[in-house]
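> I'll drop the sequence and a predicted model, then ask my questions.
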Amino acid sequence: MANLFSSFDPATNFNLSLNWMSTFIGMLIIPPMFWLIPSRLSMIWLKILMTLHKEFKILLGKNSGGSTLILVSLFSFIMFNNFLGLFPYIFTSTSHMILTLTLALPLWLSFMLFGWLNNTIHMFAHLVPQGTPPILMPFMVCIETISNLIRPGTLAVRLSANMIAGHLLMTLLGNTGPALSLALINFLIITQILLLILESAVSIIQSYVFAVLSTLYSSEVN
């Protein structure tokens, strides 16, 4: 199993591991797109950003201010990393818990601290859903507390598990190639192309889910 997962950690030729540098490749792609003459690609990207901005604004409410910017940036950052992982020999940083937890934990902690320090009564009210029978209230408090505490974990695990699952399937199928006949090789190539299309969709969906859930968690503390 260790060898299986080591396929996601390509070794670099230096004593210093440069795998995590792949996180910053997205930054090299963005500047020319924005600073040169507007192209179709930049127009599509701006359209996506404006759609996300409007959606997050609705979720956050009237007093959102510029807080949608960090969530749109989060979406872009995760999506770039997810997509880059689909290219050969590029390290997929989002399939590792160390990165996904680094994104999820500070966000969740900041929401919790802000909520409990500024809207303490509101946060206590959230622990008991409206219309709960008095006898069930202690259990509901326990359930709501646990569901609150596992939020950063579920955010991180959902993203990394979805990234690992598709890549693992593609790696395992690709490794069976040399042992197959010509007819099966053609079938395998078609399967791999379909999986690649699915993984491209998953890359967008998972980054969107991460950003939307972060928005919903932040809207709860106001």
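That came in fine, so what should we check first?
> contacts and neighbour counts: CA atoms only from here.
Will do.
> What are the boundaries of the helices in the protein?
For the chain, the helices defined by DSSP state H cover 2-5, 25-35, 40-60, 68-84, 97-118, 120-126, 137-149, 151-175, 182-220.
> Would you mind finding the most buried of those?
By mean neighbour count, with neighbours taken as mean count of other Cα atoms under 10 Å, helix 68-84 ranks first of the helices of the chain at a mean of 20.
> Between helix 182-220 and that helix, find me the angle.
If you take axes from the mean of the first three to the mean of the last three Cα atoms, to 10 degrees, helix 68-84 sits at 170 degrees to helix 182-220.
> neighbouring contacts of helix 68-84?
Outside helix 68-84, the residues that touch it by Cα atoms under 8 Å, 6 or more residues apart in numbering are 22-23, 26, 49, 52-53, 56-57, 90-94, 163, 200, 203-204, 207-208, 210-211, 214-215.
> one step back: rebuild the helices of the chain as a markdown table, extending it with mean pLDDT and distance to L18.
Formatted as a markdown table, the entries for the helices of the chain read as follows, by pLDDT from 0 to 100; distance: least, Cα to Cα, whole Å:
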| stretch | mean pLDDT | distance to L18 |
| --- | --- | --- |
| helix 2-5 | 54 | 18 |
| helix 25-35 | 70 | 12 |
| helix 40-60 | 87 | 29 |
| helix 68-84 | 89 | 15 |
| helix 97-118 | 89 | 15 |
| helix 120-126 | 79 | 43 |
| helix 137-149 | 85 | 33 |
| helix 151-175 | 88 | 20 |
| helix 182-220 | 90 | 23 |
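> residues near M21, how many?
Residue crowding around M21 was assessed by other Cα atoms under 10 Å; the count is 11.
> and it, how far is that from L105?
Distance of M21 to L105, computed by Cα to Cα, to the nearest Å: 22 Å.
> With T154 instead?
As defined by Cα to Cα, T154 lies at a distance of 11 Å from L105.
> Equivalent analysis for I190, please.
Remark: distance between I190 and L105 (Cα to Cα) = 39 Å.
> Likewise for S64?
Distance, S64 to L105, by Cα to Cα: 21 Å.
> swap in A156?
Between A156 and L105 the distance, using Cα to Cα, works out to 9 Å.
> so how far is stretch 99-114 from its chain's centroid?
Stretch 99-114 sits 13 Å away from the centroid of its parent chain (Cα atoms, centre = their mean, to the nearest Å).
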